[in-house]
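Participant: got a structure for you, letters missing:
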């Protein structure tokens, strides 16, 4: 080892390790306490934020009707609306529904006052089903100035297009493979030829 390095190493070993961090009047201790206190505050805030995010938001009672929370009455109405909307087979934004023939146009339907476009479409389907329809054509969504959604369309009765419905007689049959053929060439249960 070089001589200069050994002298520096002896100097470091001879000095007290605490004297390296001694600022004289406890400033290091105060700094450590401050850093620890700041870290504790950050941790407490993160824990509070974690639990607050898990809670539903608190909405002022006068504004609850505009919030996303549903009351017990709203849930019952929404469940009935979903049950009615399940009767609708298909919807379309045009005047025709692909794969279906239009049998009868029942009535034009319009619903208003929903929070989201999906709810407005569900309400439109329920209104059409209550009129006796099983499809909705010309579906259109709008949002009014107050932020509520509306939907309109034509309630129609539809049926599956005949060319799209495959009958059992139309099913393609698989031709018999050569190993399935019998001696006489038929595909029956007759004994096969052995060589």
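Facilitator: Yep, that arrived. Nothing here was measured: the structure is a model prediction, and the numbers come from that model.
Participant: Tell me which strands whichever strand in the chain runs longest pairs with, and in which orientation.
Facilitator: Ranked by residue count and defined by DSSP state E, the top strand of the chain is strand 100-114. Here strand 100-114 is paired, per DSSP bridges, with strand 149-160 (antiparallel).
Participant: I'd like the mean pLDDT over the partner strand, please.
Facilitator: In this model, strand 149-160 has a mean pLDDT of 93.
Participant: What of stretch 89-96?
Facilitator: 90.
Participant: One more: stretch 99-113?
Facilitator: For stretch 99-113, the mean per-residue pLDDT is 91.
Participant: What of stretch 38-49?
Facilitator: 96.
Participant: How is the protein partitioned into domains?
Facilitator: Listed by automatic domain parsing, the domain ranges of the chain are 1-55, 71-164.
Participant: closest to residue 61 out of the ones you listed?
Facilitator: Distance to residue 61, taken as C-beta to C-beta, is lowest for domain 71-164 among the domains of the chain, at 11.5 Å. Yep, even glycine has a C-beta here, placed from its N, CA and C like the rest.
Participant: Give the buried residues for the longest strand of the chain.
Facilitator: For strand 100-114, the neighbour count (16 or more other C-beta atoms under 10 Å) marks 100, 106, 109, 111, 114 as buried.
Participant: so the third one sits right up against residue 140, yeah?
Facilitator: No - counting by C-beta atoms under 8 Å, residue 140 is not a contact partner of residue 109; they are 11.1 Å apart.
Participant: got the domains of the chain as CSV, with distance to residue 63 columns?
Facilitator: Compiled in CSV, the domains of the chain are given as follows (distance: least, C-beta to C-beta, whole Å):
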stretch, distance to residue 63
domain 1-55, 17
domain 71-164, 12
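Participant: about what we covered before: quick one: average confidence on the helix or strand just after the longest strand of the chain?
Facilitator: Using DSSP states H and E, the helix or strand that follows strand 100-114 in sequence is helix 117-130. For helix 117-130, mean pLDDT is 92.
Participant: Which residue ranges of this structure form strands?
Facilitator: 90-91, 100-114, 135-143, 149-160.
Participant: helices or strands next to the shortest one in the packing?
Facilitator: By that I understand strand 90-91. When contacts are defined as 3 or more C-beta pairs under 8 Å, 6 or more residues apart in numbering; DSSP states H and E, strand 90-91 packs onto strand 135-143.
Participant: Would you mind listing the buried residues in the strand it packs on?
Facilitator: Across strand 135-143, burial judged by 16+ other C-beta under 10 Å covers 135-139, 141.
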